[in-house]
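J.: Whatever this is, show me its structure:
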Amino acid sequence: MWENRREGRSYTVDTIGYFRRTFGNELEIFFILGQDAFLDIRRWKDWRRLLTLCRFIVMSRPGWGRGALRKALPAAEASQFVYDRKARGYRGPSGSLISFARVTALAIGATDIRERVKSGRSIRYLVPDEVREYIEKHGLYKG
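T.: Residues are numbered from 1 along each chain as shown. This next block holds a predicted model:
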């Protein structure tokens, strides 16, 4: 909802920055995204800062191989992340964590969901009922 009240473009770094400022470091913030989006992270606004603001959970995608950390980040940045066995993720110099999760291969992504809603097709069983209901109630992605 916070993003809907902002004017202009909305950037992930600004949204997560807002929650970090509002709730402080006591709140653990998780940013969950697909491996395809993570591999494009260098194109995001202030991506280096974004990596320090929250814990990233990178979900595997069908057809995407291993080594996403090295593929997504420049060598200098990737080398600063060290695997933390206890946390089951790669810890960066700021203490931030990037974890990778394998999921059952279902070739559907956020873009597909938005397109289905925009064209009036069902998203039932593709997202949790609560998410579907929220999208419908607020008329999201209609155009």
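J.: which SS state does the residue nearest to F81 when sequence neighbours are not counted fall under?
T.: Computed as Cβ to Cβ, 6 or more residues apart in numbering, the closest residue to F81 that is not its neighbour in sequence is Y90, at 3.9 Å. Every residue, glycine included, has its C-beta placed from N, CA and C. Recorded secondary structure, Y90: strand (DSSP: H, G, I helix; E, B strand; the rest coil).
J.: in the protein, which spans are strands?
T.: Secondary structure of the chain (DSSP state E): strands at 30-34, 55-59, 82-84, 89-91, 97-101.
J.: Now tabulate those strands in CSV and tack on distance to D46, mean neighbour count and mean pLDDT.
T.: Putting these into CSV (distance: least, Cβ to Cβ, whole Å; neighbours: other Cβ atoms under 10 Å; pLDDT from 0 to 100) gives the following:
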stretch, distance to D46, mean neighbour count, mean pLDDT
strand 30-34, 14, 15, 92
strand 55-59, 14, 20, 93
strand 82-84, 23, 10, 94
strand 89-91, 20, 19, 93
strand 97-101, 16, 18, 91
